[in-house]
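Enquirer: here you go, sequence then predicted model.
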Amino acid sequence: MHEGLCEDLPSYLNRDLLVQLWPVLRTLLGHTVRTVWEDAFPQLASRTRAGA
């Protein structure tokens with residue numbers, strides 16, 4: 001989550017699994033990394049709000 005290139009994302013991440021696990025994963029990340037991911041992928045932030 002902290003490292004890697006944009007072109008790595010489609011190869012190594014499963015979108016559905018990431019969205020499903022995001023409420024837990026975001027608690028393991030620092031504020032800056034969490035904000036970058038949620039800004040880049042709004043569905044992650046909306047998933048967090050829906051689970052709250």
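Expert: Now that the structure is in, tell me what you want to look at. No experiment lies behind these values; they were computed from the predicted model shown.

Enquirer: only C-alpha atoms for contact and neighbour calcs from this point on.
Expert: Noted.

Enquirer: what is the neighbour count of residue 19?
Expert: 17 (other CA atoms under 10 Å).

Enquirer: ditto for residue 24
Expert: When counting by other CA under 10 Å, one arrives at 11 neighbours for residue 24.

Enquirer: now do the end-to-end distance for stretch 27-36.
Expert: The first and last residues of stretch 27-36 sit 14 Å apart, counting by CA to CA, to the nearest Å.

Enquirer: what residues sit buried inside it?
Expert: Buried residues in stretch 27-36, counted by 16 or more other CA atoms under 10 Å: residue 34.

Enquirer: what's the answer for stretch 3-17, then?
Expert: By neighbour count on 16+ other CA under 10 Å, the buried set for stretch 3-17 is empty.

Enquirer: quick one: it to chain centroid distance?
Expert: Relative to the chain's own centre, stretch 3-17 is displaced by 10 Å; criterion: CA atoms, centre = their mean, to the nearest Å.

Enquirer: ok, stretch 37-49 next?
Expert: Distance of stretch 37-49 from the chain centroid (CA atoms, centre = their mean) equals 7 Å.
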